[in-house]
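Q: Sequence plus predicted model, see below.
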Amino acid sequence: PDEPGALPIGLVRRLELVRREKVDLVVSAKEFDSNIPAYDQTPSFWHVRVEERERLRELAVVIHVSLDMPDDAGWSIQCGLHRAADALGTCCVGTREVLRNHGQPHVFEYWPGWDQAARTPTPAASERPVDFVFVGSPYLKPNDDFGIPRRDVVLAALGLGLSVELYGSSDWLDERLGGNPSLAAVYKGPADFDRLHEIYSRAKIGYSSFLRRGFRYLNDRVPIVAGSGAFVLMEEQAGLEGEFPEGVMAGYHKRGDLESLRDRLAYWREHNDERVAAAERMQAHVLARHTWGARAALLAAEYELALARRKAKRASCCGGG
């Protein structure tokens with residue numbers, strides 16, 4: 001335990017690092033629960049707390065990027081995390097006005113990216129042995145926001161006669177946890193994040209579902225699947241077709257509609273040339289616009305904007321002096 005009144009040990013170390021390395025920009029993420037103690041963790045607050053971020057802001061620009069919006073929005077507002085940053089990047093730009101209305105003046109769109117293109121050559125379509133690959137976790141009681149239960153997605157692919165590989169936790173084999181014992185034949189175990197490019201490089205079709213509805217809400221599966229060269233099939237999500245057009249780059253099915261999913265799976269399996277061409281266009285688009293290098297450039301631009309806002313605020317407070 002820290003001494004009464006002393007700064008938390010973790011914060012002291014972070015402040016020392018920022019000072020020693022003369023850090024200009026601190027980027028934080030995954031903080032929706034950072035004010036909730038996790039007593040099995042060391043330290044018990046295992047993310048950066050609001051007061052810690054405020055101290056860091058005395059030394060550097062702090063930008064928070066959330067790849068879990070819109071889920072993060074409620075926690076961020078409740079805990080005040082969004083106000084303790086110079087800017088906030090969201091993967092669901094539809095949350096921007098909500099966050100602005102609760103005290104974060106600058107919110108920008110920050111999507112996940114792809115950075116594994118150089119790790120392995122992209123196999124040709126004829127060298128991809130698996131029709132359909134799903135990576136993720138099942139959920140016990142999906143509600144309307146969750147769309148089709150994920151086990152039903154995998155069972156639908158199997159029902160159409162597609163070859164399938166399934167990766168994730170062993171919950172997939174437990175019906176009480178949202179899985180199904182019948183999936184044991186295609187279950188391949190957990191997926192190491194650093195191996196996702198290899199896993200999806202085996203697939204003709206990679207699938208992406210979304211836990212929530214949102215506007216231009218993108219999860220990391222889309223650039224990872226596309227970057228690996230597989231065709232991306234996903235649930236409809238408002239605003240995404242403008243970036244990844246239906247049939248031109250990706251495929252969509254109606255959210256919550258199992259028959260629509262089956263129809264689209266069957267279509268894209270049968271239209272091989274069309275699917276391969278779309279996957280190639282999607283991969284090229286991701287490599288041109290949606291790499292982590294592109295995101296780094298975006299953060300650099302947001303850093304400069306944050307500095308300009310700080311300068312303008314100081315001038316306003318001090319009468320322009």
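A: Happy to help now that I have it.

Q: what ranges do the strands span in the protein?
A: Assigned by DSSP state E, the chain shows strands spanning 25-29, 61-66, 87-90, 107-109, 130-135, 164-167, 203-208, 231-235, 251-253.

Q: Please dump those strands into a markdown table; it should also carry distance to Leu265, mean neighbour count and mean pLDDT for every row.
A: (Each C-beta comes from the backbone N, C-alpha and C, glycine too.) Below are the strands of the chain laid out as a markdown table (distance: least, CB to CB, whole Å; neighbours: other CB atoms under 10 Å; pLDDT from 0 to 100):
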| stretch | distance to Leu265 | mean neighbour count | mean pLDDT |
| --- | --- | --- | --- |
| strand 25-29 | 33 | 18 | 87 |
| strand 61-66 | 31 | 24 | 90 |
| strand 87-90 | 31 | 26 | 92 |
| strand 107-109 | 30 | 18 | 95 |
| strand 130-135 | 7 | 24 | 97 |
| strand 164-167 | 11 | 22 | 98 |
| strand 203-208 | 7 | 25 | 96 |
| strand 231-235 | 7 | 25 | 97 |
| strand 251-253 | 8 | 22 | 98 |
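
Q: In JSON lines, list those along with distance to Leu173.
A: Converted to JSON lines, the strands of the chain look like this (distance: least, CB to CB, whole Å):
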{"stretch": "strand 25-29", "distance to Leu173": "31"}
{"stretch": "strand 61-66", "distance to Leu173": "32"}
{"stretch": "strand 87-90", "distance to Leu173": "35"}
{"stretch": "strand 107-109", "distance to Leu173": "38"}
{"stretch": "strand 130-135", "distance to Leu173": "14"}
{"stretch": "strand 164-167", "distance to Leu173": "10"}
{"stretch": "strand 203-208", "distance to Leu173": "19"}
{"stretch": "strand 231-235", "distance to Leu173": "24"}
{"stretch": "strand 251-253", "distance to Leu173": "26"}
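
Q: so which of these gets nearest Arg310?
A: If you check each of the strands of the chain against Arg310 by CB to CB, strand 61-66 wins as the nearest, at 7.7 Å.

Q: Find the residue ranges of the stretch 201-321 of the chain scoring beneath the pLDDT cut-off.
A: 318-321 (pLDDT under 70).

Q: Helices of that one, start to end?
A: Counting by DSSP state H, counting those that start in this stretch, the stretch 201-321 of the chain has these helices, from start to end: 221-227, 258-270, 272-289, 292-317.
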